[in-house]
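In: sharing a model prediction with you, sequence too.
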Amino acid sequence: MSLYVLEGLRPWVIQRVSAVYIALFILYAAWCFFSADAIAFEAWREWLYYPFNTTVVGIFVIALLFHAWIGMRDVVLDYVHNIMLRIFILSLLVGVLIGSGLWVFRILLLSVVGQ
Amino acid sequence: MKFKIYRYNPETDAKPYVQEYELDNVEPGTMLLAALLRIKDEQDQTLSFRRSCGEGVCGSDGMNINGFNGLACITSLDSLKQPVEVKPLPGLPVIRDLIIDMDQFYKQYRAVKPYLVVNDPMPEVELTQTPKQRERLDGLYECVLCACCTTSCPSFWWNPDKFLGPAALLQASRFIEDSRDQAFEQRLENLEGPFKLFRCHTIMNCVHVCPKGLNPTKAIGRIKAKMISRSL
């Protein structure tokens, strides 16, 4: 663990594994979307209520956050050479990603348990 | 035949400029190096570039030819669009005209310890290999260190002091694959971290320009595969 949060082989593997998972999830989600009887909030909520769907969506969000972190971190490492600016951007990125993740999980939780 | 050549002498020029030359009676099959030597002999003795063997073995005449890195001595003029634009290899400081300062390139090369590390007492005979073990070095040992690959790599342009670059990583792979080497663990350990190896984004410019037809991207992939199997 370092300033870059995950470095070397581990993020490289996570990036690829998460990419495969995201691709598979998109196919599954598209298939569910196009084969759904109704496209509405209630139908989506019902779909999400199935434990399988709750699990795959939850994993998808985590995979997406990791994938986004590693991808954006790579861009910053390539282009931003000033160390203080790099720390600032990476910190901001971590904040945005964690915030987005919590927000998504709040939405999912409220949808599953009901408001 | 027309040529546009990058010129820069830091002692006399405020900034680089492009100079045009024209050569008559260029025979078919003439290599670019021969043309540059003719320009130097017949028109402008101040034109500076490195060269040595003249047949793609020493790797000293690497330059950017019509936008692609290559060795002037094995680049036929027949294959080039006119005017032939010749520039120094990108990404490293220019010493003069087409001559670049390769210190950073060699620094990264030395960082991978490009030699066999043997901790056991040396045997009285050679360190032998089976034909199959030797075969694993094919596509890795042929590198002539011309720097065409490394200087065409955007990841190296962005982080020349941290990313080792395709040439050094090809050499790293060459010794990681060598059955006689005893520093396998240390070599892989040395490549960990976000920069040395993992700045490679598989852009593959290195593969496209290598005058020896080598594949540094594949070699980097082999290192990653070794890292994965080691960590499992």
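Out: Sure, I can see it.
In: which residues are contacting stretch B:110-130?
Out: B:164, B:168-169, B:171-172, B:174-175, B:178-183, B:186-187, B:190-191, B:196 (C-beta atoms under 8 Å, 6 or more residues apart in numbering or on different chains). Quick note: C-beta positions are derived from backbone N, CA and C, even for glycine.
In: what is the least confident helix or strand in chain A?
Out: helix A:41-49 (a mean of 88; mean pLDDT, DSSP states H and E).
In: relative to chain A, how far out is the residue minimising distance to the centre of chain B?
Out: Centroid-nearest residue in chain B: residue B:147, 2.1 Å away (criterion: C-alpha atoms, centre = their mean). Distance from residue B:147 to chain A, counting by C-beta to the nearest C-beta, to the nearest Å: 20 Å.
In: do the same with residue B:31
Out: Residue B:31 is 36 Å from chain A, by C-beta to the nearest C-beta.
In: pLDDT score assigned to that residue?
Out: Residue B:31 carries a pLDDT value of 97.
In: give me every residue in chain A lying close to chain B.
Out: A:4, A:7-9, A:11-13, A:73-74, A:77-79, A:81 (C-beta under 8 Å from any C-beta of the partner chain).
In: picking that back up, and the buried ones among the contacts of stretch B:110-130, selectable in ChimeraX?
Out: Here is the ChimeraX command that selects the buried residues among those (16 or more other C-beta atoms under 10 Å in any protein chain shown):
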select /B:164,168,169,171,172,174,175,178,181,183,187,190,191,196
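In: how about the helices in chain A?
Out: Along chain A, the segments classed as helices by DSSP state H run A:9-35, A:41-49, A:51-79, A:83-113.
In: rank those helices by mean pLDDT and give me the bottom one.
Out: Among the helices of chain A, helix A:41-49 scores lowest, at a mean of 88.
In: mind checking the helices of chain A for the one nearest to residue B:225?
Out: If you check each of the helices of chain A against residue B:225 by C-beta to C-beta, helix A:9-35 wins as the nearest, at 10.5 Å.
In: now do that closest one: distance to the chain's middle.
Out: Centroid separation between helix A:9-35 and its chain, computed with C-alpha atoms, centre = their mean, to the nearest Å, is 10 Å.
In: same check on stretch B:199-219?
Out: 10 Å.
In: and residue A:79, how close does it get to residue A:19?
Out: 21 Å (C-beta to C-beta, to the nearest Å).
In: of these two, who's got more company?
Out: Each of residue A:79 and residue A:19 has its neighbours counted (other C-beta atoms under 10 Å in any protein chain shown); residue A:19 has more, 14 against 11.
In: residue A:62: neighbouring residues, count only.
Out: 15.
In: local confidence estimate at the residue sitting furthest away from the middle of chain A?
Out: Centroid-distance maximum for chain A: residue A:82 at 27.9 Å, with C-alpha atoms, centre = their mean. Here the pLDDT value assigned to residue A:82 is 93.
In: okay, the angle between the longest helix along chain B and helix A:9-35?
Out: Criterion DSSP H: the longest helix present in chain B is helix B:216-231. Relative orientation of helix B:216-231 and helix A:9-35, computed by axes from the mean of the first three to the mean of the last three C-alpha atoms, to 10 degrees: 100 degrees.
In: rewinding a little: just the buried members of the residues of chain A next to chain B?
Out: A:4, A:7-9, A:11-13, A:73-74, A:77-78.
In: quick one on the thing from earlier: and the helices of chain A as CSV, adding distance to residue B:90?
Out: Shown next, in CSV, are those (distance: least, C-beta to C-beta, whole Å):
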stretch, distance to residue B:90
helix A:9-35, 27
helix A:41-49, 52
helix A:51-79, 16
helix A:83-113, 24
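In: pick the most deeply packed of these.
Out: helix A:51-79 (a mean of 16; mean count of other C-beta atoms under 10 Å in any protein chain shown).
In: can you tell me the closest non-neighbouring residue to the residue nearest to the centre of chain B?
Out: residue B:105 (5.0 Å; C-beta to C-beta, 6 or more residues apart in numbering or on different chains).
In: which residues are in contact with the one you found?
Out: So residue B:105 contacts B:92, B:145, B:147, B:150-151, B:165, B:167 (C-beta under 8 Å, 6+ apart).
In: now the residue farthest from the centre of chain A: how far from residue A:89?
Out: Distance from residue A:82 to residue A:89, by C-beta to C-beta: 10 Å.
In: of all the contacts of residue B:105, which comes closest to chain A?
Out: residue B:165 (13.9 Å; C-beta to the nearest C-beta).
In: packing partners of the least confident helix or strand of chain A?
Out: Using 3 or more C-beta pairs under 8 Å, 6 or more residues apart in numbering or on different chains; DSSP states H and E, the elements in contact with helix A:41-49 are helix A:51-79, helix A:83-113.
In: pull the number of nearby residues for residue 40.
Out: Since no chain was named, I'll use chain A. There are 10 residues near residue A:40, going by other C-beta under 10 Å.
In: not quite, I wanted chain B
Out: Residues near residue B:40, counting by other C-beta under 10 Å, number 16.
In: can I assume it is in contact with residue B:47?
Out: Yes. When contacts are counted by C-beta atoms under 8 Å, residue B:40 is listed as touching residue B:47 (4.9 Å).
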